[in-house]
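got a structure for you, letters missing:
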């Protein structure tokens, strides 16, 4: 097994984790919290979780695409 295939597989696993955690953060994070507590200034806790979920989803998708590219094209 070459190093490129190994790191490509690692990127795929990191990407899947990022996508799964991003989806979880967007749909579940901050839902049961008290709306008067937490948050960042005018942004409520739920809004912060949605922004973080989008960021993790994008990072996971980029890692997933890079891993698939590394395995199929470079490996």
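Everything's here; your move. Just so it is clear, the structure is predicted and the values come from calculations on it, not from any experiment.

tell me which residues touch residue 61, please.
Residues in contact with residue 61 (Cβ atoms under 8 Å, 6 or more residues apart in numbering) are 15, 18-19. (Each C-beta comes from the backbone N, C-alpha and C, glycine too.)

could I get the average pLDDT for stretch 61-75?
What stretch 61-75 shows for mean pLDDT is 93.

for residue 43, give me the pLDDT.
In this prediction residue 43 is given a pLDDT of 74.

next, the residue lying closest to it once chain neighbours are set aside: phi, psi?
The shortest distance from residue 43 to any non-neighbouring residue, by Cβ to Cβ, 6 or more residues apart in numbering, is to residue 51 (7.9 Å). When quoted as degrees, to the nearest 10, the phi and psi of residue 51 stand at phi -60, psi -40.

give the burial count for residue 51, as a bare number.
14 (other Cβ atoms under 10 Å).

and what of residue 31?
9.

not including adjacent chain positions, what is the nearest residue to it?
Nearest to residue 31 is residue 46, by Cβ to Cβ, 6+ apart, at 6.7 Å.

chain center to the helix or strand in which that neighbour is found: distance?
In the assignment (DSSP states H and E), residue 46 maps to helix 45-69. Helix 45-69 sits 3 Å away from the centroid of its parent chain (Cα atoms, centre = their mean, to the nearest Å).

still on that earlier bit, would you confirm that the residue nearest to residue 31 contacts residue 28?
No - assessed by Cβ atoms under 8 Å, residue 46 is found out of contact with residue 28, at 10.3 Å.
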